[in-house]
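Colleague: here is my input; please provide its structure:
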Amino acid sequence: MVEDRITDGKRIGQLFASELTGLERGALGAVSVEDAEPDVEPTAEGAFAFRIAADGDALGTVSVTETTARLELSRSTAFESERGDVTVEEEGRVVVAHSGAAVKALVDAVAASLQ
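Modeller: Below is the predicted model of the structure:
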């Protein structure tokens, strides 16, 4: 059983960006990472890490704190999560990943924003 858990916000953001750029299925295949800041230094308020777009249309931004990656979508979604390491705020418009494993929930939130 793996006991190590990724809780570094910058690393969570990097995992999320990698996951998005590797997607090639359905509508998620059109999603891109833009204006990435590879040397971003996490802040308490959340430092800008990158933007997310699909076919040139802005979907949202990602910022990182010391322990989280925060996805702020351009519009509300019906996205919800029962994961303990994911916080959903503002009617599904803001999704916060508190671990590397929670990156899948961020991808699901992006997918929900495309519907």
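
Colleague: tell me the mean pLDDT for stretch 78-94?
Modeller: Taken as a whole, stretch 78-94 carries a mean pLDDT of 94.

Colleague: again but with stretch 39-59, I slipped
Modeller: The average pLDDT for stretch 39-59 rounds to 96.

Colleague: residue 32 and residue 76, how far apart?
Modeller: Distance, residue 32 to residue 76, using CB to CB, to the nearest Å: 22 Å. (Each C-beta comes from the backbone N, C-alpha and C, glycine too.)

Colleague: neighbour count winner among those two?
Modeller: More crowded of residue 32 and residue 76, by other CB atoms under 10 Å: residue 32, with 16 against 13.

Colleague: verify the stated contact: that one with residue 21.
Modeller: Yes. Counting by CB atoms under 8 Å, residue 21 is a contact partner of residue 32 at 7.4 Å.

Colleague: this structure: strands as residue ranges?
Modeller: When secondary structure is read from DSSP state E, the chain shows strands at 31-34, 47-54, 57-64, 69-73, 86-89, 94-97.

Colleague: rebuild the ones you listed as TSV, extending it with distance to residue 16.
Modeller: Shown next, in TSV, are the strands of the chain (distance: least, CB to CB, whole Å):
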stretch	distance to residue 16
strand 31-34	9
strand 47-54	9
strand 57-64	6
strand 69-73	6
strand 86-89	12
strand 94-97	7
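
Colleague: out of those, the one nearest residue 12 is which?
Modeller: Closest of the strands of the chain to residue 12 is strand 69-73, at 4.1 Å (criterion: CB to CB).

Colleague: what are the pairing partners of that closest one, and which direction each?
Modeller: strand 57-64 (antiparallel), strand 94-97 (antiparallel) (DSSP bridges).

Colleague: return the most buried member of those.
Modeller: strand 94-97 (a mean of 25; mean count of other CB atoms under 10 Å).
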